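Undergrad: Have a look at this fold, sequence not included:
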C-alpha cells in the first residue's frame, strides 16, 4: 500500500505547489514529464515543431489550471498523458479540417480515420511505456523478435505458464488502447483518467 500512496502523495504535493504558483514546481514537472509529452505529441502530430509547440501548450495548461487534475482519479502521469493526447488530437483535427477547407486531398472521413488511428497509437505507446518491465519485456520479445511463449520463457528464464500470463496481461492492457472517448473532449476534465483512460 505504501508503494501506491507515495507517488500519489507526490502528485498531490505537486498540484498544491503549482496552485501556489511555485515556478520550481513547474520546472520539476517539466523535467519529469517533458519527454512523455513530447513523444506522445509527436506520435499524433508527426511533426517536430508541432510537437514542440504542443509540449509548451500542455505545460502552460498545467501551470494555469492546476486544479483540473484530481489526485483521487489517478496518477498525475496519466492525467498529463491524457491531456497531451486530447490536445494533440484536437490540433490534428483542426489542421486537417483547415487543409480540407483549402481543397487538400482526402475527405472528412479520411481525416477522422487518421485522427482515430493517431489517438489509438499514442494511447498504445503510453500503455507500453507505463507497463511494468516484466510485461513490456515479454511483449517486446513476442512482437519485435517474433518469439512464441516458449521462446519468451526461455529468453527470460521464467516458466512457460508465467510467459503466457505476462503476454496475456500485456495484450489485455494494449487492447484498452481502443477504449477512448471522443477525441474532442475538453482537456480540463479528461473522462476516465486514472483507470479507463
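TA: Looks like it came in fine. All of these numbers come straight from a predicted model, not from anything done at the bench.
Undergrad: State the pLDDT value of residue 163.
TA: Turning to residue 163, the model gives it a pLDDT of 92.
Undergrad: just residue 111 next, same as before
TA: pLDDT at residue 111 comes out at 77.
Undergrad: Mind pulling up the pLDDT for the residue nearest to it when sequence neighbours are not counted?
TA: Spatial nearest neighbour of residue 111, excluding adjacent residues (C-beta to C-beta, 6 or more residues apart in numbering): residue 96 at 4.1 Å. C-betas here are computed from N, CA, C, even on glycine. For residue 96, the model assigns a pLDDT of 78.
Undergrad: helices and strands around the one helix or strand residue 96 maps to, which ones?
TA: Take DSSP states H and E as the rule and residue 96 turns out to sit in helix 76-101. Packed against helix 76-101 by the contact rule (3 or more C-beta pairs under 8 Å, 6 or more residues apart in numbering; DSSP states H and E) you find helix 2-19, helix 23-45, helix 48-64, helix 108-130.
Undergrad: circling back to that earlier point, the residue nearest to residue 111: neighbour count?
TA: The local packing of residue 96 (other C-beta atoms under 10 Å) involves 18 other residues.
Undergrad: mind listing what it touches?
TA: Residue 96 is in contact with 106, 111, 114, 115, counting by C-beta atoms under 8 Å, 6 or more residues apart in numbering.
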